[in-house]
Each structure stands twice: as C-alpha cells, then as structure tokens.
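> could you work out the structure for the sequence below:
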Amino acid sequence: MRIQAFDFSVDLLQALLWQYNDADNLRGLLERKQAWYSQNHTAFWENWIRDVFDLRTANDFGLSVWSAILGVPLAVTVDPTKPGTPVFGFDVSNRNFGRGSFGCKSSSTVGLTVEQKRTVLRLRYFQLVSRGTIPEINQFMKMLLGDQGQVYVLDPNDMTYVVYVFTFQPNPGLTFVLDTYDLLPRPAGVGVRRIVVTRPSFGLGEYNKDFEHGTFAE
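Alright, predicted model coming up:
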C-alpha cells in the first residue's frame, strides 16, 4: 500500500490584495489565523493519515472504518462445543479429566488485537487489488511480515494450490489470523497450504559443504 505525499499547508496571506499590504490590523489578523492553520490544520490531516488512512498505523477507530469498507469482520464468533467432544472435566472414571481441552456451552466472540486487525485488513486489501501472481505476492509478504522473517510462495504449476513457506514459527496471534481468515493471496480458484521450515534442509549449500548441514525436508 503506497501513500503519496500530501502538502497540507494553506497560505492565507494569498487572499491579501496588494493594496492592503500596509493595512497592519488586517495583516495581523491573517497572520494569526495563518499560524493557527499551520499548527492545527496540518496536524489534523497528519493525524488522520496516521490513525485512519494508513493501514500500517491505523488505530481502532480507523480500523473499524476500513473493516466496513473492505467488508471484513474484526471479531471472530466461536461456536459452542459440539456434543460428545472430549472436554476438560471429570469423566466417568475421573481419568485425565475427560482427556480434552476447555469446552464452551454457548457461542462467544473473540476480539482481535490492533496488530491482528491491521494484518487482516492489509491481507484483504491486497487480496482485492492484486493480480495474484507469485512475484507480486512475494513482494507483498515481504512488506507485511518481513520484520518477523522470510515468507515466500511456491507454485506447483498445476493450478491446485500454492504453498506459503514460513522460515520462522508464526506467533500465536498471526497463527490465529491465518487459521481463521481465508485471506492469503493466490490466483482465483487455487487453494493454499502453509508450511513452516525453521531448520536447514538437505541440499547444495555454499561450497557444497555438508549439503547445507540439514536433513531432508518436505
């Protein structure tokens, strides 16, 4: 998402006709108003770009605006636990507390953090404006997650799915977003898979020494 540079300056003294240049009172009023505009008008638009327009820095209000524009909910509804699912608690023999995790009797809503919301909306925005080519997706993922590590996309060239390769372990917040929202960009009609590769794999490395010092990778 590229944002062009804007010039928010306003020159009110342009409204002063040359024949009134010596009108000290009028000129003083305009200069004071100019000082107010220079501070408040510019600050307003700079804050608006930071808090609303720019998805990289938008606050909760700005993100709610973008949520309405892009049609993406920023809260996740969790359905109640299905009957018969093992959950944490005492079963018949009190063995291993039901052998499951915590259950939920009714549906609930899970809110996202600000960073999660930004990730969701940036993914959705790119999904709408991109052509879905592999080079384009790789460039976007570098902008989106480059500060966490390398993410790149592989195309098996059979129009079945593309593979997202994460060279780092995604944090729980990012994992939740990727598991919940189907927003990873890819060509229309093509599926998506994710793999995490955090260790060197067998292959020809620098100087062909020990084949990159790793085992086979899938």
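> which stretches in the protein count as helices?
Taking DSSP state H, the helices of the chain run over residues 24-36, 42-48, 60-70, 114-129, 134-145, 172-180.
> OK, contacts around the residue nearest the centre of the chain?
With distances taken as C-alpha atoms, centre = their mean, the residue of the chain nearest its centroid is Thr119 (1.5 Å). Residues in contact with Thr119 (C-beta atoms under 8 Å, 6 or more residues apart in numbering) are Leu144, Leu174, Val177. Using the backbone N, CA and C atoms, a C-beta is placed for each residue, glycine as well.
> for the record, mean pLDDT for stretch 119-134?
Averaging pLDDT along stretch 119-134 gives 94.
> distance from it to the middle of the chain?
Stretch 119-134 has its C-alpha centroid displaced from the chain centroid by 10 Å (C-alpha atoms, centre = their mean, to the nearest Å).
> now do the closest residue to Leu121 other than its chain neighbours against Arg122, distance only.
Leaving aside its sequence neighbours, Leu121 sits nearest to Trp66 (C-beta to C-beta, 6 or more residues apart in numbering; 4.9 Å). Taking C-beta to C-beta, to the nearest Å as the measure, Trp66 falls 9 Å from Arg122.
> with Ser67 instead?
12 Å.
> when these two are compared, which one has more neighbours?
Higher neighbour count among Ser67 and Arg122: Arg122, with 20 against 17, using other C-beta atoms under 10 Å.
> local confidence estimate at the closest residue to that one other than its chain neighbours?
Leaving aside its sequence neighbours, Arg122 sits nearest to Leu55 (C-beta to C-beta, 6+ apart; 5.1 Å). On the pLDDT scale, Leu55 is placed at 95.
> dump the residue contacts of Leu55.
Met1, Leu63, Trp66, Arg118, Leu121, Arg122, Tyr125.
> swap the cut-off to 7 Å and go again
The contact partners of Leu55, taken as C-beta atoms under 7 Å, 6 or more residues apart in numbering, are Met1, Trp66, Arg118, Leu121, Arg122, Tyr125.
> just the buried ones among those, please.
Trp66, Arg118, Leu121, Arg122, Tyr125 (16 or more other C-beta atoms under 10 Å).
> residues touching the second one, list them.
Meaning Arg118. Leu55, Arg56, Ala58, Leu63.
> one more time with 6 Å
Counting by C-beta atoms under 6 Å, 6 or more residues apart in numbering, Arg118 touches Leu55.
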